[in-house]
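Chemist: here's a sequence, model it:
(one chain, ligands or ions: 1)
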Amino acid sequence: MPKKKYEEIVVIGAGPGGYTAAFRAADLGKNVTLVDKDPVLGGVCLNRGCIPSKALLHIAKVISEVDRLSKMGIRFGKPEIDINQVRDHKDKIIARLNKSIAQMAKARNVNTIKGTASFLSNSELSIKTENGTEKIIFDNCVIAAGSRALMLPGTPKNNPNILTSKTALELKNIPDTLLVIGGGIIGLELGQVYAVLGSNVTVVEFLPTLIPGVDKDIVKPLYQKLSKQFDDIILSSKVINITDNDNDTLLVTIENKDETLCKEFDKVLVAVGRKPNTDLLKIENTDIVVDENGFIPVNEYQRTTVENIYAIGDITGNPMLAHKATHEGKVAVEVAAGQPAVFDVQAIPSVVYTDPEIAWAGLTEIEAQEKGVAYKKGEFPWAASGRAIVIGASQGKTKILFEPNSNKILGVGIVGSGAGDLISEAVLALEMGADAEDLCLTIHPHPTLSETVGLAAEVFTGTITDLYLQKK
Ligand code: NAD
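Modeler: Numbering: from 1, shown residues only. So this is what the prediction gives:
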């Protein structure tokens, strides 16, 4: 007979959403069990996503910076890359953070189980572990089981030359040639890492732009940089076939409206989106309604269609971002603990951690045009920022969209060094319902890139002195 126990809150999945939910629940005085099939806590973000990719992107950025220094009179030799040491460095960062999460779980008396959780009913879970199966009856459950890489249909199975973001981050070797399928966030971040480490990278994107959905002017400086770093960027094209060339290389057929190309690559990285891990949960044993793509819809309290089961993070749908999951995790357990919490945010920022970085929050121009939302904009080119020039980042840009009558901020897009950090001011401004004047009257330290946020607002109000604008 499997062991049976009772728990106030069970959290399935120990990614940033799941462990945050578990820790917050414990801090609210609840008995909590946190279940994950991985041997370590931290989920995709820490173990095979955000953190390892940023460790590698940091290295890529420093190599690019060193390259820029050569134009400033400081020359280093060609970098010598010890891939084993790079991998060790990345793995040590992961291990350090794994340890810190485990320590925090222990300090809070969160019971952690390494096992696969599946539902038996609306109030009972089965947990399959190395030592057998146990059952947990719960008052509340938070599903934070995340997502995994989508594969293109017809892709050769179990072929070591086909990479996903997970296996690409293992960094087994640096292939001579790499095809990245998908010019979205994962494709470009990892494509840039491999290009800087020495691969000849080609990207194929189905749509006519890289990072579709982001304003073209914001993507442009990155496109220009990648055009130099990559062998080729093939837009408006799709991969229709991949065949295994005797387990050595891959033959890839790429098609667009004008031609069909057949090219050979050492490795192919598939980065065409992610799908929810709902299929592992035996959700059919509950009354939870799942949408046609397998995502679990939730209300503003993060509740599923079952009162005592909540869902957070990637499994609830786009945007699949760790910081959204974290916020949702807190809401879910606060609601479960009877607190007046609700997911009610004005904007969820997105960041592409390439060099240059891209970040946006709130309305984009593409979205405004699609939805017919009226807006006016203020743009500050970083070519007029002393700090940007000093650090060789003058290609950057800060753009703010405003509501034409109230001058309230509707959205912000930034491209350039540190855009991911700069966007936080915009998110706070959106959250506080700030307008152009609020940004203009906020003293930004000089000389910083953060000034560009205030200066973009000054361009809009016409009070800027750092640029000369023709009187209208
Ligand atoms: P994505 O949706 O960002 O990009 C996938 C791209 O692949 C799209 O541009 C799409 O048009 C293209 N595509 C689809 N099918 C194709 C085909 N057959 N041939 C060529 N191109 C094709 O997905 P992703 O980059 O895999 O990322 C998945 C999720 O993970 C996203 O939700 C993303 O937000 C999240 N993520 C975020 C970060 C970050 O915050 N920095 C980092 C990594 C991943």
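
Chemist: give me the distance between N111 and the ligand.
Modeler: 30 Å (CB to the nearest ligand atom, to the nearest Å). C-beta coordinates here come from the backbone N, C-alpha and C atoms, glycine included.

Chemist: who is that residue paired with across the strands?
Modeler: Listed by DSSP bridges, the beta-bridge partners for N111 are T33.

Chemist: the stretch 101-250 of the chain against the ligand: which residues are in contact?
Modeler: 152, 181-187, 204-207, 212, 238-239 (CB under 6 Å from any ligand atom).

Chemist: among the residues you listed, name the ones in helices.
Modeler: Under the assignment DSSP state H, those contribute I185, I186, G187 to helices.

Chemist: which SS state does N241 fall under?
Modeler: strand (DSSP: H, G, I helix; E, B strand; the rest coil).

Chemist: ok, now which ones touch it?
Modeler: Listed by CB atoms under 8 Å, 6 or more residues apart in numbering, the contact set of N241 reads G154, L251, V252, T253.

Chemist: the last one contacts I240, doesn't it?
Modeler: Same thing as T253. Yes - between T253 and I240 there is a contact at 5.1 Å, judged by CB atoms under 8 Å.

Chemist: for burial, what's the neighbour tally of the closest residue to the ligand within the stretch 51-200 of the chain?
Modeler: Per CB to the nearest ligand atom, G184 is where the stretch 51-200 of the chain lies closest to the ligand, at 1.9 Å. Neighbour count of G184, defined by other CB atoms under 10 Å: 21.

Chemist: give me the phi and psi for it.
Modeler: phi -90, psi -160 (degrees, to the nearest 10).

Chemist: for the lengthiest helix in the chain, packing partners?
Modeler: Criterion DSSP H: the longest helix present in the chain is helix 83-107. Applying 3 or more CB pairs under 8 Å, 6 or more residues apart in numbering; DSSP states H and E, one finds that helix 83-107 contacts helix 16-27, helix 43-48, helix 50-69.

Chemist: need the winner for burial among the ones you listed.
Modeler: Most buried of those, by mean neighbour count (mean count of other CB atoms under 10 Å): helix 16-27, with a mean of 27.

Chemist: what is the rounded mean pLDDT of it?
Modeler: Across helix 16-27, pLDDT averages out at 98.

Chemist: dump that helix to CSV, keeping only the CA atoms.
Modeler: Output in CSV follows, covering the C-alpha atoms of helix 16-27 (Å, rounded to 0.1, in the frame of the first residue of the first chain):
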residue,chain,number,x,y,z
PRO,A,16,11.2,30.1,-10.0
GLY,A,17,7.4,30.2,-9.9
GLY,A,18,7.1,26.9,-7.9
TYR,A,19,9.8,27.5,-5.3
THR,A,20,8.6,31.1,-4.8
ALA,A,21,5.1,29.8,-4.2
ALA,A,22,6.3,27.2,-1.8
PHE,A,23,8.5,29.6,0.1
ARG,A,24,5.9,32.3,0.4
ALA,A,25,3.3,29.7,1.5
ALA,A,26,5.7,28.5,4.2
ASP,A,27,6.3,32.1,5.3
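
Chemist: make 36 the first number, not 1, from now on.
Modeler: Yes, from this point I'll number from 36; that puts the last item at helix 51-62.

Chemist: so what secondary structure elements neighbour it?
Modeler: strand 38-47, strand 67-71, helix 78-83, helix 118-142, strand 167-178, helix 357-371.

Chemist: circling back to that earlier point, quick check: angle from the longest helix of the chain to helix 85-104?
Modeler: Put simply, helix 118-142 runs at 140 degrees to helix 85-104, going by axes from the mean of the first three to the mean of the last three CA atoms, to 10 degrees.

Chemist: how far off centre is helix 118-142?
Modeler: Its chain's C-alpha centre and that of helix 118-142 lie 20 Å apart, by CA atoms, centre = their mean, to the nearest Å.

Chemist: what does it rub up against?
Modeler: 49, 54, 57-58, 69, 75-77, 81-82, 86-87, 90-91, 94, 147, 204-206, 208-209, 232.

Chemist: average pLDDT for it, rounded please.
Modeler: 97.

Chemist: lovely, talk soon.
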